[in-house]
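> Fold the following and give me the result.
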Amino acid sequence: MNREEKSATIQEIAAQIEASEAIFAVDYRGISVPQAAELRTKLREADASFRIVKNRLTKLAAEKAGEGRLAELLQGPTALTFVRGDTAQAAKAITTFNKEHAVLTYKGGFMEATLLDEATFTSIARLPTRDVLNGQFAGVVASPITGLVRGLGSMISGLALQLGQIAEKGLVSGEAPAAAPAEPEAAPEPEAEAPEAEATEEAPEAEESADDKTSEQDSNEEEG
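Residues are numbered from 1 along each chain as shown. The predicted structure follows:
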């Protein structure tokens, strides 16, 4: 492996370290090529990869990625499992595979900030996979909501039916919807009587007084 190939390998492993949620280190002595291919297929289902690494190059890659915890695991023949997806499913795949072939020795690992010794790794392998947990969670959440969803669906369907019937009735009759009745207009206030009318009504009284005065004068003249 020349310098360019080594540099490319370091870059590639550093990228895998940075992208992983968990990393498992195992001693792979005794594993055959077909067995390694079988394990890789099972790990791919958990969005994980299995890689046999060179310790010196991997230490450089770990330094580049800022992951100092990996260096102490790089002793002797080492294969790394880089987990990007379901950590429990990846641990289960390795455990199941090793029960069948007994060729791997767990060395250690970590999941984010948590160090994983062999006991912790075995406990993780016993956990339900993410798909199973998601299914269980969805079932728990969906149960109390089912009635609400059905009720809302019925209300919406009923409203749509009523609106459809109203629209159909309007189309058949050809009549526009009745307009809202207008508010009655306020009665006009009575107008004040004009001064001329009062003067007109008082005029006869004035004329009558003048006639009385003339008659009285005539009477006096006759007596005189």
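> Quick one: residues contacting residue 126.
Listed by Cβ atoms under 8 Å, 6 or more residues apart in numbering, the contact partners of residue 126 are residue 92. All C-beta spots, glycine's among them, are computed from the backbone N, C-alpha and C.
> Apply 10 Å and report the result again.
By Cβ atoms under 10 Å, 6 or more residues apart in numbering, the residues touching residue 126 are 88, 91-92, 95.
> Check residue 75 too.
When contacts are counted by Cβ under 10 Å, 6+ apart, residue 75 touches 25, 27, 55, 107.
> what number of residues lie near the first one?
It refers to residue 25. By other Cβ atoms under 10 Å, the residues close to residue 25 number 23.
> Offset the numbering so it begins at 28, please.
Done: numbering now begins at 28, and the last item shifts to residue 52.
> I'd say it and residue 135 touch.
Yes. Counting by Cβ atoms under 10 Å, residue 52 sits close enough to residue 135 to count as a contact (5.6 Å).
> quick one: common contacting residues for those two?
When contacts are counted by Cβ under 10 Å, 6+ apart, residue 52 and residue 135 have 97, 99-100, 143 as shared neighbours.
> Farthest pair within the residues you listed?
Based on Cβ to Cβ, the longest span within the shared contacts of residue 52 and residue 135 runs between 99 and 143 and measures 13.3 Å.
> Name the nearest residue to residue 101, ignoring sequence neighbours.
With sequence-adjacent residues excluded and distances taken as Cβ to Cβ, 6 or more residues apart in numbering, residue 101 is closest to residue 82, at 4.1 Å.
> follow-up on the earlier one: narrow the shared contacts of residue 52 and residue 135 to those that are buried.
97, 100, 143 (16 or more other Cβ atoms under 10 Å).
> circling back to that earlier point, show me which of the contacts of residue 102 are buried.
52, 54, 134.
> what residues are up against the residue lying closest to the second one once chain neighbours are set aside?
Nearest in space to residue 54, with sequence neighbours left out and distances taken as Cβ to Cβ, 6+ apart, is residue 132 at 4.0 Å. Under the criterion of Cβ under 10 Å, 6+ apart, the contact partners of residue 132 comprise 52-57, 103-104, 125, 145.
> Ok, residue 97 next?
With contacts taken as Cβ under 10 Å, 6+ apart, residue 97 has the following neighbours: 40, 44, 50, 52, 80, 85-86, 88-90, 105, 107, 135-137.
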